[in-house]
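In: my questions are about this predicted structure, shown below with the sequence.
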Amino acid sequence: MEPYAKILDDLKLKTEKTLKHVKDQLGSIRTGRASPTLVDTIRVDYYGTATPLAQIAHVSVPEPRQLMIKPFDSSPQVIKDIEKAIQKSDLGLNPQSDGKVLRLIMPPLSGEQRQKLVHKVKDLIEQNHVALRNERRDANKAADQLKKDGKLTEDLCKKAHDAIDKELKVVEHKLEDALKAKSKEIMEE
C-alpha cells in the first residue's frame with residue numbers, strides 16, 4: 001500500500017459526495033417530463049417541523065406530464081401545508097387538489113425556458129468543477145506536506161500528484177456526462 005493511499009481514499013470520499021450532491025441538484029431541475037425527484041428538495045411544515053415531502057406523501061407519475069402527491073395523512077391541513085410548500089418552491093407549478101391527492105401538471109417548456117434551464121445546469125456543473133479543483137488542491141497540499149515531513153520521497157510525491165489528477169479526471173468526466181444527459185433531457189419535447 002502506498003503511503004499516500006489515505007489521501008486518495010479521502011479524495012474519493014469527497015468526490016463521491018460531490019457527485020451525489022450534483023445528482024440531487026440535477027434531479028430537482030424541471031424538464032419537460034414529470035419526475036418524483038423534482039419534489040425531493042421540498043420541505044413541508046408538518047405539525048411545526050420542516051419535513052421532506054417524500055416522508056409524508058407518496059409521489060407518483062400517472063402521466064408523462066403529471067405528478068400525483070398522495071399524503072399518508074389526508075387531513076385537510078396537511079394537504080394545505082403541502083400546497084403551500086409547493087407554491088413557495090422555485091418549481092413554478094400550481095398544485096390542483098381534490099381533497100385527497102394533489103396533482104402537479106407540467107406545462108410544456110418554451111424554447112427560452114429550456115435555454116435558461118440548460119444555462120442553470122451548466123452553472124451548477126461549473127460550481128462543482130470549482131469544488132473539485134479545491135479538493136484536488138487540498139489533496140496535493142497533503143501530499144506535499146507528507147514529502148516535507150519526510151514520509152514521501154520526491155518520486156512518490158509525484159506519483160501521488162499523478163494519482164490525484166487521474167482520480168479528478170474520472171470525476172470531471174462524470175460531471176460532463178451528467179451535464180450532457182440533463183441538457184439533452186431538458187431540450188427534448
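Out: Received, thanks.
In: ok, longest helix in the chain?
Out: helix 111-148 (DSSP state H).
In: how about that one: buried residues?
Out: 114, 117-118, 120-121, 124-125, 128-129, 131-132, 135-136, 139-140, 142-143, 146-147 (16 or more other Cβ atoms under 10 Å). The C-beta positions use only the backbone N, C-alpha and C, and glycine is treated the same way.
In: next structured bit after that helix?
Out: helix 154-187 (DSSP states H and E).
In: in that next one, what counts as buried?
Out: Buried residues in helix 154-187, counted by 16+ other Cβ under 10 Å: 156-157, 159-161, 163-164, 167-168, 171-172, 175, 178-179, 182-183, 185-186.
In: again with stretch 72-80
Out: Judged by neighbour count using 16+ other Cβ under 10 Å, the buried positions of stretch 72-80 are 78, 79.
In: now the residue of the chain most remote from its centre. Its backbone dihedrals?
Out: Using Cα atoms, centre = their mean, the residue of the chain lying farthest from its centre is residue 150. It sits 40.1 Å away. Backbone geometry at residue 150, expressed as degrees, to the nearest 10, gives phi 80, psi 10.
In: would you check how far apart it and residue 127 are?
Out: 37 Å (Cβ to Cβ, to the nearest Å).
In: please apply the same query to residue 89.
Out: To residue 127, residue 89 is 20 Å away according to Cβ to Cβ.
In: what do you get for residue 80?
Out: Residue 80 sits 35 Å away from residue 127, going by Cβ to Cβ.
In: what of residue 172?
Out: Going from residue 172 to residue 127 by Cβ to Cβ gives 13 Å.
In: and for residue 29?
Out: According to Cβ to Cβ, residue 29 and residue 127 sit 13 Å apart.
In: so residue 23 sits against residue 178, correct?
Out: Yes. Taking Cβ atoms under 8 Å as the definition, residue 23 is a contact partner of residue 178 at 7.1 Å.
In: check contacts around residue 175.
Out: By Cβ atoms under 8 Å, 6 or more residues apart in numbering, the contact list for residue 175 reads 19, 22, 125, 128, 129, 132.
In: if we take the residues you listed, which one ends up nearest to residue 61?
Out: Relative to residue 61, the closest of those is residue 22; by Cβ to Cβ it sits at 22.6 Å.
In: care to break this structure down by domain?
Out: Using automatic domain parsing, the domain parsing of the chain gives 5-27+110-187, 36-105.
In: now render those domains as TSV, adding mean pLDDT.
Out: Putting the domains of the chain into TSV (pLDDT from 0 to 100) gives the following:
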stretch	mean pLDDT
domain 5-27+110-187	91
domain 36-105	86
